[in-house]
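Trainee: Give me a model of this one.
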Amino acid sequence: MTDCILIQDGKAHAVHAGTTRLALCFTPDGSAKWHADTMAAFVEVESGSVVVGQVWNGTSFDPLPLPVPPTPRRRVPKSVIVARLHAAGKLEAARAALDAQPLIVRERWNAAAAIYADDETALALFAAIGADAAAIMAAGEA
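Mentor: Numbering: from 1, shown residues only. As a prediction, the model looks like this:
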């Protein structure tokens with residue numbers, strides 16, 4: 001079954017449900033007509049009209065844009081963070097700063113295998129001990 005709906009100004013103006021593949025065409029007076037010819041032309045449609053998942057651009061119908069998926073947040077393995085803190089001479093200061101944190105912060109650190117590169121708590125901790133947060137959380141291996 002093929003369901004086709006013309007929506008203009010937020011209202012359904014023409015509906016077709018059936019097994020025949022149809023094209024929706026417009027006459028100069030603005031009325032809609034269904035045609036079995038899938039190559040039929042679309043005319044007299046105002047910008048912003050939507051037909052079967054497509055948008056009228058003033059000349060032809062364009063597919064609706066697909067949503068852009070968010071960029072996945074990058075994670076840094078804790079083993080890399082520890083190695084970089086050690087190499088920077090900041091591991092003892094980081095341990096002391098972590099031990100001074102509330103229990104939930106310490107437990108989150110202990111439970112995680114990796115930390116998000118943009119984790120505000122981790123970045124603040126690195127700043128507090130004078131570590132280069134960008135270098136500690138950089139992409140790549142230690």
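Trainee: and A135, what does it touch?
Mentor: R84, A88 (Cβ atoms under 8 Å, 6 or more residues apart in numbering). Just so you know, the C-beta spots here come from the backbone N, C-alpha and C atoms, and that holds for glycine as well.
Trainee: The one 4 residues further on now?
Mentor: Applying Cβ under 8 Å, 6+ apart to A139 gives the contacts R74, V76, A117.
Trainee: Next step: the residues you listed restricted to helices.
Mentor: Assigned to helices by DSSP state H, none of the contacts of A139 qualify.
Trainee: Can I get the buried part of those as one PyMOL selection?
Mentor: Burial among those is assessed by 16 or more other Cβ atoms under 10 Å; the matching PyMOL selection reads:
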select buried, resi 76+117
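Trainee: Kindly indicate which of the contacts of A139 lies nearest R106.
Mentor: Closest approach between the contacts of A139 and R106, by Cβ to Cβ: V76, at 18.2 Å.
Trainee: Roughly how far does that closest one sit from A87?
Mentor: 14 Å (Cβ to Cβ, to the nearest Å).
Trainee: just T71 next, same as before
Mentor: In terms of Cβ to Cβ, T71 sits 28 Å off from A87.
Trainee: And those two? Which one has more around it.
Mentor: A87 (12 against 6; other Cβ atoms under 10 Å).
Trainee: Many thanks, I have nothing further to ask.
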